[in-house]
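Participant: Dropping the sequence and predicted coords here.
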Amino acid sequence: MSLRLHDTAARAVREFVPLEPGRAGVYVCGLTVQSQPHVGHVRSAVNFDVLRRWLLASGYQVDFIRNITDIDDKILLKSADQDRPWYNLAYEMSRELTRAYDALNVLPPTYEPAATGHVPEMLQLIEELVRDGHAYAAEDGSGDVYFDVLSWPAYGELSGQRVDDMEAAEDADPRGKRDPRDFALWKGRKDSEPATASWPSPWGPGRPGWHIECSAMAGKYLGPAFDIHGGGVDLRFPHHENEQAQSRAAGRPFASYWLHNAWITTAGEKMSKSLGNSLVVGEVLQRVRAIELRFYMVSAHYRSHVEFSFEALEEAAAGFRRVEGFLERALPVDSVVEEGAPRPSRNPGELPPAFVEAMDDDLGTPAAVGVLFDVVREGNRLLAAGEDVSALAGQVRAMLDVLGLDPADPAWGAAAGSDERLTSAVDVLVRGLLEQRAAARAAKDFAAADAIRDTLRTAGIAITDTPDGPTWELEQ
RNA sequence: GGUGGGUUGGCCGAGAGGCGAGGCAACGGACUGCAAAUCCGUCCACACGGGUUCGAAUCCCGUACCCACCUCCA
């Protein structure tokens, strides 16, 4: 069976049939870089990173575009509050976001276009829409340009709503809208806004509306028709509905499949700066390792709501350490690190069929993780029986690689802050102590032996006795 | 008002008519000087009330509660 994905537009799981065999074009809505990324933001990135890795493992060549929204109302408001240029805030937050992605081993996209770099493409699209009667310049002289929702009968099809049932927006002042449901393609510059936040256009200086950027950038980098468009559930409406409407109204078929990830909530509420309950990635990573946070996210299905708690996170981390422990025992460190040595297999052909089936079924990572644990248990059993487990270890690594969770991936090294020289220095010291302990044990002086072990534990170093002698590792 | 999703064991979290996911925690056993790790075993849950069926966590009807979206949002 091949890959099946849940398509929001169809409200059903559909077989994935790419427009072009062997290639997959994916566009994912990134973030508005207005504040520090929280775990909910990163969940979305991790979910779509798993999609990408699975497409790659399935043999597709993947064009993966994830945008950055670096100009919008909030960025302007916040930067004004902080009394600094909007682009300074946007750029700083953009770099923080990249750090968070890197920490969680989210592969860099093929390209990460920023809205401000694509104003000409947006203007062109807007002009086409105006020309074809799907958009109009506001008659109040504001310089705004709106999409005419009523001119597009299919409006509402993505989110399954009928225009007549929609509540009209109450917040934004209607300005020059013909219908309250019309949305802005272009926002004329207001006197209160910095001159740097405006670009020339046929309707006067202004800046892009929120939705137009994705249509323009997806079109530029993936073409008028592409395979998969992803983002958080909240984007389904209005953002994605509007993207689709404005693209199709301009004659572009746009996305074939729409994927939406669910929320991570905390204390029953979605994370939001305004609620003061957002869990900033950097803070969470002071409590657990990044690989553990990623495992926690991957353990839940991307369409399931996750109620975040540190308790659940730490339980997941404990489970993940079982997997790591197996690999450490199955693959002696030397064989992994040794230069030029072939890495233990990460060949997709080695993936257990049950794992493949789980992933093909709308990225069923929970079931896939179940398979992972099955193989680990079997591997541990064989290990206890003194049998060869290299094949199982290879399977485990191949599965972890697909999930972006291979502990041996160098991507984790930098984030973990490990330092080889430091490790080797500690190793010398610990070995000295372990020799003393071995001598004490040989003399049956267990009090002395345990004292050494306790001292090491106090220093955060755990000792494990094995048939081949004791080993140590930093406690996590 | 409209649209969509949810309620599973002590906890997390899958599944979508029969073959009891999995993890964490707990308990018993093996191994160990003692631990740790690991292995073996125990722990048979699906909001509530009806119904369909030989058989329902899964389908249908109803009820309760929770959440998201309806033009700021991952």
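Facilitator: Alright, I've got the coordinates. What you see is a predicted model; the values in this text were computed from it and never measured.
Participant: Which single residue in the stretch 101-250 of chain A comes nearest to RNA strand B?
Facilitator: residue A:232 (1.9 Å; C-beta to the nearest atom of the strand). Backbone N, C-alpha and C define where each C-beta goes, glycine included.
Participant: element containing the residue lying closest to that residue once chain neighbours are set aside, please.
Facilitator: Nearest non-adjacent residue to residue A:232, counting by C-beta to C-beta, 6 or more residues apart in numbering: residue A:44, 5.2 Å away. Residue A:44 is part of helix A:39-57, with elements assigned from DSSP states H and E.
Participant: what about the longest helix seen in chain A, near RNA strand B?
Facilitator: Counting residues, the longest helix found in chain A (DSSP state H) is helix A:420-442. Yes. On the criterion C-beta under 7 Å from any atom of the strand, helix A:420-442 is in touch with RNA strand B at residue A:441.
Participant: Report the mean per-residue pLDDT for that helix.
Facilitator: For helix A:420-442, the mean pLDDT works out to 84.
Participant: Contacts made by that helix with the rest, please.
Facilitator: A:446, A:448-449, A:452-453, A:455-456, A:461, A:463, A:469-470, A:472 (C-beta atoms under 8 Å, 6 or more residues apart in numbering).
Participant: Next step: the residues you listed restricted to helices.
Facilitator: Among the contacts of helix A:420-442, the members that lie in helices (by DSSP H) are A:446, A:448-449, A:452-453, A:455-456.
Participant: starting at the chain centroid, how far to the longest helix of chain A?
Facilitator: 40 Å (C-alpha atoms, centre = their mean, to the nearest Å).
Participant: Contact residues of the stretch 301-450 of chain A facing RNA strand B?
Facilitator: Proximity of the stretch 301-450 of chain A to RNA strand B, by C-beta under 7 Å from any atom of the strand, involves residues A:301, A:304-307, A:309, A:311-312, A:315-316, A:318-319, A:322, A:325-326, A:329, A:364, A:366-367, A:369-370, A:373-374, A:376-377, A:380-381, A:383-384, A:441, A:446, A:449-450.
Participant: Give me the subset of these that lies in helices.
Facilitator: A:311-312, A:315-316, A:318-319, A:322, A:325-326, A:329, A:366-367, A:369-370, A:373-374, A:376-377, A:380-381, A:383-384, A:441, A:446, A:449-450.
Participant: Quick check on these: which are buried?
Facilitator: Among these, those buried by neighbour count (16 or more other C-beta atoms under 10 Å) are A:316, A:319, A:326, A:329, A:369, A:376, A:380, A:383, A:441, A:449.
Participant: ok, the last one - contacts?
Facilitator: So that's residue A:449. Residue A:449 sits next to A:437, A:440-441 when contact means C-beta under 8 Å, 6+ apart.
Participant: got it, and the fourth one?
Facilitator: Each residue near residue A:329 by C-beta under 8 Å, 6+ apart is listed here: A:380, A:383.
Participant: and if you look at the first one?
Facilitator: If you count contacts by C-beta under 8 Å, 6+ apart, residue A:316 has them with A:292, A:295-296, A:299.
Participant: Report the secondary structure state of the residue lying closest to it once chain neighbours are set aside.
Facilitator: Distances taken as C-beta to C-beta, 6+ apart place residue A:296 nearest to residue A:316, at 4.1 Å, with adjacent residues excluded. Three-state call for residue A:296 (DSSP: H, G, I helix; E, B strand; the rest coil): helix.
Participant: so residue A:296 sits right up against residue A:312, yeah?
Facilitator: Yes. The pair formed by residue A:296 and residue A:312 meets the contact definition of C-beta atoms under 8 Å, at 7.2 Å.
Participant: In the stretch 301-450 of chain A, what residue lies closest to RNA strand B?
Facilitator: residue A:319 (2.4 Å).
Participant: Show me where chain A dips below the pLDDT cut-off.
Facilitator: Residue ranges of chain A with pLDDT under 70: A:1, A:167-175, A:267-278, A:332-349, A:414-420, A:476.
Participant: List the contacts of residue A:133.
Facilitator: Residues near residue A:133 by C-beta under 8 Å, 6+ apart: A:148, A:151.
Participant: typo on my end, it should be residue A:49
Facilitator: If a contact means C-beta under 8 Å, 6+ apart, then residue A:49 has A:105-107, A:404 as its contacts.
Participant: domains of chain A?
Facilitator: A:13-134+A:146-158+A:209-266, A:313-410, A:420-474 (automatic domain parsing).
Participant: most neighbours per residue, which of the ones you listed?
Facilitator: domain A:13-134+A:146-158+A:209-266 (a mean of 20; mean count of other C-beta atoms under 10 Å).
Participant: and of the domains of chain A, who's closest to residue A:196?
Facilitator: Nearest of the domains of chain A to residue A:196, taken as C-beta to C-beta: domain A:13-134+A:146-158+A:209-266 at 6.7 Å.
Participant: Distance from the closest one to the middle of the chain?
Facilitator: How far domain A:13-134+A:146-158+A:209-266 lies from its chain's middle: 13 Å, per C-alpha atoms, centre = their mean.
Participant: Which of the contacts of residue A:49 lies at the shortest distance from residue A:263?
Facilitator: Taking C-beta to C-beta as the measure, residue A:263 lies nearest residue A:106 of the contacts of residue A:49, at 18.2 Å.
Participant: So the closest one sits against residue A:403, correct?
Facilitator: No. If you go by C-beta under 8 Å, residue A:106 and residue A:403 don't touch, sitting 12.0 Å apart.
Participant: how about the strands of the stretch 151-300 of chain A, start to end?
Facilitator: A:183-188, A:206-208, A:225-232, A:254-261, A:264-266, A:269-270 (DSSP state E, counting those that start in this stretch).
Participant: Which strands or helices does the fourth one pack on?
Facilitator: Meaning strand A:254-261. For strand A:254-261, the packing partners by 3 or more C-beta pairs under 8 Å, 6 or more residues apart in numbering; DSSP states H and E come out as strand A:4-7, helix A:39-57, helix A:212-222, strand A:225-232, helix A:241-249.
Participant: Show which residues not belonging to the last one make contact with it.
Facilitator: Contacts made with helix A:241-249 from outside it, assessed by C-beta under 8 Å, 6+ apart, are listed as A:125, A:129, A:132, A:134-135, A:147, A:149, A:151-152, A:154-159, A:161, A:183, A:185, A:211-212, A:214-215, A:218-219, A:224, A:229, A:254-255.
Participant: Sounds good, over and out.
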